[in-house]
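> what follows is a predicted protein model with its sequence.
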Amino acid sequence: LSAGDAHSAIGLGVAAGAIACVGIVFAFRLLRGRIRPGAILNGAGVLLCALAVVLAGKGVRSLQEAGVLAVRAFDGPRIDLLGVFPTIETTFAQVVVALVIALVAFVGRRPRAEAPT
């Protein structure tokens, strides 16, 4: 909806994504025995966590534009691509998501107690 008249740019983005996916599949097939899956999964997890923070900001901003949530602005940066908007609500949502991600990462790294035998 926000693309406007940039339909060719959307098509180019779809084509670039498809080409990148095919390239990644071929790279994985060539490097089958030398790739550590753990590193790839960790990298993908980090990207998904960053995406969650971005989407939290953009989602709250959309609700503000629709008039569902209040807009309490402050002096700060606005980076649309990263979902960073100078409002208390968007910043709060992103901080909450980032804290939940950090908590899950912290709990996941704790040593586990051995099961009783």
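Good, I have the coordinates.

> which stretches of the chain have low pLDDT?
1-4, 115, 117 (pLDDT under 70).

> can you give me the strands in it?
Ranges of strands in the chain, per DSSP state E: none exist.

> so which residue is smack in the middle of it?
Leu51 (0.6 Å; C-alpha atoms, centre = their mean).

> distance of that one relative to Gly59?
12 Å (C-beta to C-beta, to the nearest Å). Quick note: C-beta positions are derived from backbone N, CA and C, even for glycine.

> what do you get for Ile79?
Distance from Ile79 to Gly59, counting by C-beta to C-beta: 16 Å.

> residue ranges for the helices of this protein, please.
Along the chain, counting by DSSP state H, helices occupy 7-30, 37-65, 88-109.

> looking at the ones you listed, which is closest to Asp75?
Nearest of the helices of the chain to Asp75, taken as C-beta to C-beta: helix 88-109 at 11.8 Å.
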